[in-house]
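Asker: sharing a model prediction with you, sequence too.
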Amino acid sequence: MTEKRHPQDLTRRCPRLGGPVSFSYCGGCGQDRGYCWKVLDCWWEYFDVATYLRRRLSADAFAALCQARPRPKVTSLIEIIERAKAGTGADTKADK
């Protein structure tokens, strides 16, 4: 008899990060701390992730997840640079 495990306890290699992650990590690393846009692609072989998420998300949230795509890399890099400038005071160096 096969033991059923809760999805939150499952772990797999993340194709984006290159290392092991739990399913629970995928549930909070996406946009606005929601599900990762690849969650359906990554977990379908492990369990019925679509049914699991349909039961937990609103119809609109599930539809948005199914249509989600990653932001362009350049956009992400610009946001990181802007956050770094704001955090280090790089914008105020010209005033000295």
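Answerer: Everything's here; your move.

Asker: which parts of this structure are strands?
Answerer: 11-13, 20-22 (DSSP state E).

Asker: which of the ones you listed sits most buried?
Answerer: strand 20-22 (a mean of 14; mean count of other Cβ atoms under 10 Å). C-beta coordinates here come from the backbone N, C-alpha and C atoms, glycine included.

Asker: contacts for that one, please.
Answerer: Gln8, Asp9, Leu10, Thr11, Arg12, Arg13, Cys14 (Cβ atoms under 8 Å, 6 or more residues apart in numbering).

Asker: mind listing the strands it pairs with, and their directions?
Answerer: strand 11-13 (antiparallel) (DSSP bridges).

Asker: show me the shaky parts of this protein.
Answerer: Where the chain drops to pLDDT under 70, the residues are 1-5, 88-96.

Asker: switch to 80 and redo it
Answerer: Low-confidence segments of the chain (pLDDT under 80): 1-9, 30-32, 70-73, 76, 88-96.

Asker: of the contacts of strand 20-22, which pair is most distant in space?
Answerer: Gln8 and Arg13 (17.3 Å; Cβ to Cβ).

Asker: quick check, nearest of the contacts of strand 20-22 to Glu45?
Answerer: Top of the list for closeness to Glu45, among the contacts of strand 20-22 and by Cβ to Cβ, is Arg12 at 8.7 Å.

Asker: residue contacts, the closest one?
Answerer: Taking Cβ under 8 Å, 6+ apart as the test, what Arg12 contacts is Pro20, Val21, Phe23, Cys42, Trp43, Tyr46.

Asker: kindly recompute the last result at 10 Å.
Answerer: Arg12 sits next to Pro20, Val21, Ser22, Phe23, Cys26, Cys42, Trp43, Glu45, Tyr46 when contact means Cβ atoms under 10 Å, 6 or more residues apart in numbering.
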